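Asks: sequence first, predicted model second:
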Number of protein chains: 2
Amino acid sequence: MSEAAEDTGHATDGSGRRRGGDTRARIQQVALELFAEQGYEATSLREIAERLGVTKAALYYHFKSKEDIVLGITEDYFAEFDALIDWARAQPPSPATSREVVGRYLDIVRGGYEVFRFMERNQAAMRGSEGGKHRFEQFRPRLEALVGVLTGQDASLRTTVRVTTALLSVNFGWLFFCHPENLGDWPPSADPDELRSVVMEMASELLGV
Amino acid sequence: MSEAAEDTGHATDGSGRRRGGDTRARIQQVALELFAEQGYEATSLREIAERLGVTKAALYYHFKSKEDIVLGITEDYFAEFDALIDWARAQPPSPATSREVVGRYLDIVRGGYEVFRFMERNQAAMRGSEGGKHRFEQFRPRLEALVGVLTGQDASLRTTVRVTTALLSVNFGWLFFCHPENLGDWPPSADPDELRSVVMEMASELLGV
DNA sequence: GTCTATAGACGGATAGAC
DNA sequence: GTCTATCCGTCTATAGAC
């Protein structure tokens, strides 16, 4: 969906360099990296602007606030989850369906590596309810919906915990082991295909399918 | 260890009310709650002081900086992990030992609910390397050590992922389902004993013991 | 679409009285 | 051990020129 790619449809110039409307996307990309590394609150707009070689004021041409930068990024991925939820609800319940749901869940995380890394490391900032402001906490309800689809109604605690853990293990497992991280030698960086099968196997066991 | 309890050995007065040295612990307790709810960077010392009915300056009598408040809290729990690692290394490798390690890991998390909630939600702030500063990121090496003890040397990717997931599922599972949280009705708040057995069962399966 | 300049608020931290 | 008062830095956000 939006992975450091264009979203406004502007053309490139003759030499193939990026032009015009992709500044917006570049801001989001840089902001996301810094937010994930240093934290949302700890990263200033000045820092983002500097890394892009522009000034703060330029950012405000593209986004009306700091929060707005994040909103624009996360929306796409929440929409993908919503689509997955709708799809899952339309399928007949079966072990094959469950595995397919988990597989699609993993693919969403794969496609939005930086975004999910950001969300994982800034949970407090996402929830942040300073003075009753809502902010961008919208993951929980999606997770609840997916778990509900996978467990069916009136699930036991055991089932709920296992299914929730299955999804979050997929999520975390991918972020933790498939990393272009600049940190030490642990955890080992895994081959994507191998990691995928390992993670899917775990999830299947936890789901009991 | 330090759970809103005294640590300076000061006496209480005749009526049993708290006195003297426990101000330090009360600061840590309140700070931890706010840090977990709103985020470390988003919570100001003014806010902490206000909730305690004192002024910012008073906090600086007990702690030399904002970071110092957190350091004092987390140290105890990292020490508990270190003790667990030492203990695990001294045991003969066996399925029973593995289960015992996981059980003790869970007990540490149980004992430090607020602390671990804080750490989970403020990963970015804990890692925060603004200008090369180290800060209080010390969980990873402990996790690596524990995983190493549980897998033995030269473990496959599959084993490493499963064991890591086992520990983190215990961690997350407890925080996620055993909650005095003020948020909606999901996830359901679980009975501690039941949750413990569910979580331990999952971990055992992932460990393959 | 990007700039300079600045407003306006709030942050962490310190000095020194009591 | 807690307070008042204050310093100084940085932050988000805006106004207005080019």
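Replies: Okay, I see it. Numbers count the residues shown, from 1 in each chain, chains lettered A, B, ... in the order given.
Asks: can you find the helix or strand in chain A with the smallest mean pLDDT?
Replies: helix A:123-127 (a mean of 93; mean pLDDT, DSSP states H and E).
Asks: that helix near DNA strand D anywhere?
Replies: No. Using CB under 7 Å from any atom of the strand, we find that helix A:123-127 stays clear of DNA strand D, coming within 11.4 Å at best. Just so you know, the C-beta spots here come from the backbone N, C-alpha and C atoms, and that holds for glycine as well.
Asks: buried set for the helix or strand hosting A:L84?
Replies: Assessed by DSSP states H and E, A:L84 sits inside helix A:66-90. Within helix A:66-90, the residues that count as buried by 16 or more other CB atoms under 10 Å in any protein chain shown are A:66, A:69-70, A:72-74, A:77-78, A:80-81, A:84-85, A:88.
Asks: hmm, which two among those residues are most spread apart?
Replies: The two members of the buried residues of helix A:66-90 with the most space between them (CB to CB) are A:K66 and A:A88, at 34.1 Å.
Asks: residues near the closest residue to A:I85 other than its chain neighbours, how many?
Replies: Using CB to CB, 6 or more residues apart in numbering or on different chains and skipping residues adjacent in sequence, the residue nearest A:I85 is A:A145, 4.8 Å away. Residues lying near A:A145 (other CB atoms under 10 Å in any protein chain shown) number 18.
Asks: ok, the residue nearest to A:R26 when sequence neighbours are not counted - contacts?
Replies: Of all residues not flanking A:R26 in the chain, A:L52 sits nearest, at 6.4 Å (CB to CB, 6+ apart). Going by CB atoms under 8 Å, 6 or more residues apart in numbering or on different chains, A:L52 touches A:26-27, A:30.
Asks: can you check A:L167 too?
Replies: For A:L167, counting by CB under 8 Å, 6+ apart, the contacting residues are A:102, A:105, A:143, A:146-147, A:150, A:203.
Asks: where's it, which helix or strand?
Replies: Secondary structure from DSSP H and E places A:L167 in helix A:157-177.
Asks: ok, which stretches of chain A are helices?
Replies: Per DSSP state H, chain A carries helices over the ranges A:22-38, A:45-52, A:56-62, A:66-90, A:95-111, A:113-121, A:123-127, A:139-151, A:157-177, A:192-207.
Asks: least reliable of those helices going by mean pLDDT?
Replies: When those are ranked by mean pLDDT, helix A:123-127 comes last with a mean of 93.
Asks: how far out from the middle of the chain is it?
Replies: 14 Å (CA atoms, centre = their mean, to the nearest Å).
Asks: which parts of chain A belong to which domain?
Replies: Chain A breaks down by automatic domain parsing into domains covering A:3-62, A:66-207.
Asks: most tightly packed of the ones you listed?
Replies: domain A:66-207 (a mean of 17; mean count of other CB atoms under 10 Å in any protein chain shown).
Asks: right, is that domain up against DNA strand C?
Replies: No. Against DNA strand C, domain A:66-207 shows no contacts by CB under 7 Å from any atom of the strand, the least distance being 8.9 Å.
Asks: now that domain: how far from the chain's centre is it?
Replies: In terms of CA atoms, centre = their mean, the centre of domain A:66-207 is set 8 Å apart from its chain centre.
Asks: just the endpoints, please. Distance across it?
Replies: With CA to CA, to the nearest Å as the measure, domain A:66-207 spans 39 Å from end to end.
Asks: residues contacting A:V115?
Replies: Applying CB under 8 Å, 6+ apart to A:V115 gives the contacts A:32, A:73-74, A:77.
Asks: give me every residue in chain A lying close to DNA strand D.
Replies: Chain A comes close to DNA strand D at residues A:43-47, A:56-57, A:60, A:64-67, as judged by CB under 7 Å from any atom of the strand.
Asks: next, give me the two most distant ones among those.
Replies: For the residues of chain A next to DNA strand D, the maximum inter-member distance is 18.9 Å, found between A:E47 and A:K64 (CB to CB).
Asks: export the least confident helix or strand of chain A as PDB, just CAs?
Replies: The C-alpha trace of helix A:123-127 is given here as PDB (Å, rounded to 0.1, in the frame of the first residue of the first chain):
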ATOM      1  CA  GLN A 123       2.400   2.000  22.700                       C
ATOM      2  CA  ALA A 124       2.300   4.500  25.400                       C
ATOM      3  CA  ALA A 125       2.400   7.400  23.000                       C
ATOM      4  CA  MET A 126      -0.300   5.900  20.900                       C
ATOM      5  CA  ARG A 127      -2.600   5.500  23.800                       C
END
